[in-house]
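Participant: predicted model follows, preceded by the sequence.
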Amino acid sequence: MEMDKLVSLCKRRGFLFQSSEIYGGLNGFWDYGPLGVELKRNVKDAWWRDMVTGHDDLAAPAGAPEPYEMTGLDCTIIMHPQVWKCSGHYDLFHDYMVDCRESKRRYRHDQVRGRWVAYQGQRIFVATTAETDHEVEDVTARALKFFKLRTKEAAELVWDETWQTLPQVTEVAQVLGPDAKVLGTLTAPREFNLMFKTFVGALSGEEGAAFLRPETAQGIFVNFKNVLDSSRVRVPFGIAQVGKSFRNEITPRNFTFRSREFEQMEIEFFCHPQSSAEWYRYWRDRRMKWYLDLGLSSERLRLREHHQEELSHYSTGTADIEYAFPFLPPGEYGELEGIAHRGDFDLRSHMEGKLDPKTRPLALEMGPDGKPRWRGSGKDLSYRDDLTNERYVPHVIEPSAGADRATLAFLCEAYCEDQAPDENGQMQTRVVMKLHPRIAPLKAAVFPLVKKDGMPEIAQDIYRALKKHFNVFYDEKGAIGRRYRRQDEAGTPYCITVDSQTLQDQTVTIRDRDSLQQWRVKVDDCVSEIRQRIG
Ligand code: GAP
């Protein structure tokens, strides 16, 4: 599937728009249109239902070591600045960036790719930040320009087979920056903190400085004791949160994949240290199954365990659920969700203060004055098991998913072109979004075949009966074939049509979006039929 086709469908049909588009757009920010908002809401609702409200606290689900409880939380985007100091984000949440002295542009070091090319004995590295589909075109055009060649002379350029990222290139003087005309204009990489800074109240100096949260997780850790004290949960239990996060990404790209404002769906699962490895495996497999159940194909989805050297300093196990997004080169995958065994790192950090990543076992990081670099809350975040009287700091398993990335993966998976007959029986190419019925923005559309003979009135009654239960759409405009096509592009799984036979036997046709099969049901059975089919 070509990504351009999906991007254009998303705009045409109101799934996704560029933020502030009438002013030229704002890079890394996206708005969800009328269909998109329903789709993303359904993704988040499915997650919340499957992980939290639908969870049976009394029985152990398949693969879980024992029964556990799940509860939710909704905390603020701006939190006490000390939260980010103790969590490590203030000191460590950065990417490396490079600046171009010529174009004055800034790039994320590891996201600039390029290829070596030689012409008449000179070898240069042509760097690019173009989307994957346009990389070859971009580097070729810029190499031709650099060597003052015409398009028809392109065969004289001798390209290296492999693409490299900037960190792999040591001969920086030979690099042609992504927007540069001369060589060697990129600076050495520098750290760039990804947190958005803001000011609270009237204080504009460092005193009033605060940050937009770069993850929802910390809100859960700092409320651990509140949840314990206010509800009757016992370890093991999980706290879930869905909400906005903000990261000042240096090079947002690939549609919504890397945005600067996005939503996360995170769980912090608190368990006994001794059973934490089992819980880690349970959550890893459980989360993988969730994506498969909602329609991502197993050929495009993979679970990748991190190698020892990839693990964060505190983690004894991390796995990413990754999807082969169509904008990535063949064989490459993009992260949908990370499942991390975080040990007691987070609760201890908020009790004691920022921990030193270089120490084993982890110890407080000290400043040059010999005092803790960032002091914790001093509050006791340990847990006492009232049955055994054991007191310990629970270990944490964190399944951390992106609502926008999941939505994008479902959109990519759903996009399909097939052949279907039009109203004259001629086969035509049809664009259809094969979204899982649970997440489809509209569950059904209701049409009168023609706008007369009482058909619109019957169709409107069916629409109103369905509307009480599901998001459905009524349409009486245009040829029936065209109405079907519009719903196919919206991903609506069922279309219900009132026709002349309805007037005789009170039945309507229901058309299945994917198989194109049609069958008749009684008008009065429409609600139960749709309910049973969407599950
Ligand atoms: N609390 C752990 C945490 O935040 P992460 O891997 O940085 O871990 C978790 O983020 C998920 O959030 C990612 O797997 C991804 O789905 C989503 N995410 C992260 N950065 C994103 C961005 N810039 N745009 C869209 N989604 C993003």
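Facilitator: Here it is on my side, so go on. Residues are numbered from 1 along each chain as shown.

Participant: any idea which residue is closest to the centre of this structure?
Facilitator: residue 405 (1.8 Å; C-alpha atoms, centre = their mean).

Participant: isn't that one right up against residue 322?
Facilitator: No - counting by C-beta atoms under 8 Å, residue 405 stays clear of residue 322, with 10.2 Å between them. All C-beta spots, glycine's among them, are computed from the backbone N, C-alpha and C.

Participant: what do these two both touch?
Facilitator: 334-336 (C-beta atoms under 8 Å, 6 or more residues apart in numbering).

Participant: any chance of those in TSV, with secondary structure and distance to residue 36 too?
Facilitator: TSV is the format used below for the shared contacts of residue 405 and residue 322 (DSSP: H, G, I helix; E, B strand; the rest coil; distance: C-beta to C-beta, whole Å):
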residue	secondary structure	distance to residue 36
334	strand	19
335	strand	21
336	strand	18
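
Participant: spatially nearest residue to residue 304 (excluding sequence neighbours)?
Facilitator: Nearest non-adjacent residue to residue 304, counting by C-beta to C-beta, 6 or more residues apart in numbering: residue 320, 5.0 Å away.

Participant: list the beta-bridge partners for that neighbour.
Facilitator: residue 304, residue 338 (DSSP bridges).

Participant: that one: what's it in contact with?
Facilitator: Residue 320 neighbours (C-beta under 8 Å, 6+ apart): 303-304, 306, 335-339.

Participant: same for the ligand: which of these are within range?
Facilitator: 335-338 (C-beta under 6 Å from any ligand atom).

Participant: residue of the protein nearest the ligand, please.
Facilitator: Proximity of the chain to the ligand (C-beta to the nearest ligand atom) peaks at residue 402, 2.2 Å away.

Participant: would you map the helices across the chain?
Facilitator: 3-12, 34-48, 81-87, 89-92, 135-146, 217-222, 224-230, 276-293, 345-352, 403-414, 455-467, 480-490, 500-505, 526-534 (DSSP state H).

Participant: against which helices or strands is the last one packed?
Facilitator: Identification of packing neighbours for helix 526-534 by 3 or more C-beta pairs under 8 Å, 6 or more residues apart in numbering; DSSP states H and E yields helix 455-467, strand 494-498, strand 507-512.

Participant: okay, the ones you listed in JSON lines with distance to residue 104, mean pLDDT and mean neighbour count next?
Facilitator: Formatted as JSON lines, these follow (distance: least, C-beta to C-beta, whole Å; pLDDT from 0 to 100; neighbours: other C-beta atoms under 10 Å):
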{"stretch": "helix 455-467", "distance to residue 104": "54", "mean pLDDT": "98", "mean neighbour count": "18"}
{"stretch": "strand 494-498", "distance to residue 104": "53", "mean pLDDT": "98", "mean neighbour count": "24"}
{"stretch": "strand 507-512", "distance to residue 104": "55", "mean pLDDT": "98", "mean neighbour count": "20"}
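
Participant: now those in JSON lines, with distance to the ligand?
Facilitator: Formatted as JSON lines, those follow (distance: least, C-beta to the nearest ligand atom, whole Å):
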{"stretch": "helix 455-467", "distance to the ligand": "33"}
{"stretch": "strand 494-498", "distance to the ligand": "31"}
{"stretch": "strand 507-512", "distance to the ligand": "32"}
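
Participant: so residue 298 makes contact with residue 292?
Facilitator: Yes - between residue 298 and residue 292 there is a contact at 6.1 Å, judged by C-beta under 8 Å.

Participant: these two: which is more packed in?
Facilitator: residue 292 (12 against 9; other C-beta atoms under 10 Å).

Participant: ok, the more buried one - contacts?
Facilitator: Contacts of residue 292 (C-beta under 8 Å, 6+ apart): 298, 301.

Participant: show the pLDDT at it.
Facilitator: Looking at residue 292, its pLDDT reads 98.

Participant: that one and residue 436, how far apart?
Facilitator: Using C-beta to C-beta, to the nearest Å, residue 292 is found at 11 Å from residue 436.

Participant: just residue 263 next, same as before
Facilitator: 19 Å.

Participant: can you check residue 90 too?
Facilitator: 40 Å.

Participant: how about residue 508?
Facilitator: Residue 508 is 24 Å from residue 436, by C-beta to C-beta.

Participant: show me which residues of the stretch 351-500 of the chain sit near the ligand.
Facilitator: Going by C-beta under 6 Å from any ligand atom, the residues of the stretch 351-500 of the chain near the ligand are 398, 400-402, 404-405.

Participant: now those residues as CSV including pLDDT?
Facilitator: Converted to CSV, those look like this (pLDDT from 0 to 100):
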residue, pLDDT
398, 98
400, 98
401, 98
402, 98
404, 98
405, 98
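
Participant: farthest pair in those residues?
Facilitator: Using C-beta to C-beta, the pair of those lying farthest apart is 398 and 404, separated by 18.6 Å.

Participant: buried among the ones next to the ligand among the contacts of residue 320? Make that a ChimeraX selection.
Facilitator: Remark: buried members of those, expressed as a ChimeraX selection using 16 or more other C-beta atoms under 10 Å:
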select :335,336,337,338
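
Participant: for the ones next to the ligand among the contacts of residue 320, which one is nearest residue 254?
Facilitator: residue 335 (11.9 Å).

Participant: ok, stretch 22-38 near the ligand or not?
Facilitator: No - shown here: stretch 22-38 not in contact with the ligand (C-beta under 6 Å from any ligand atom), separated by at least 7.8 Å.

Participant: list the neighbours of that stretch that are in contact with it.
Facilitator: 10, 13-20, 39-40, 249, 252, 255-256, 258-261, 404, 407, 441-442, 471, 490-491.

Participant: tell me which of those residues fall in strands.
Facilitator: 16-18, 261 (DSSP state E).

Participant: ChimeraX command for the buried members of those?
Facilitator: Buried members of these, defined by 16+ other C-beta under 10 Å, are picked up in ChimeraX with:
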select :16,18,261
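
Participant: save the ones in strands among the contacts of stretch 22-38 as a markdown table, and put in distance to the ligand too.
Facilitator: Below are those laid out as a markdown table (distance: C-beta to the nearest ligand atom, whole Å):
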| residue | distance to the ligand |
| --- | --- |
| 16 | 13 |
| 17 | 17 |
| 18 | 15 |
| 261 | 8 |
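
Participant: which one among the ones in strands among the contacts of stretch 22-38 gets closest to residue 147?
Facilitator: Out of the ones in strands among the contacts of stretch 22-38, the member with the shortest distance to residue 147 (by C-beta to C-beta) is residue 18, at 35.1 Å.
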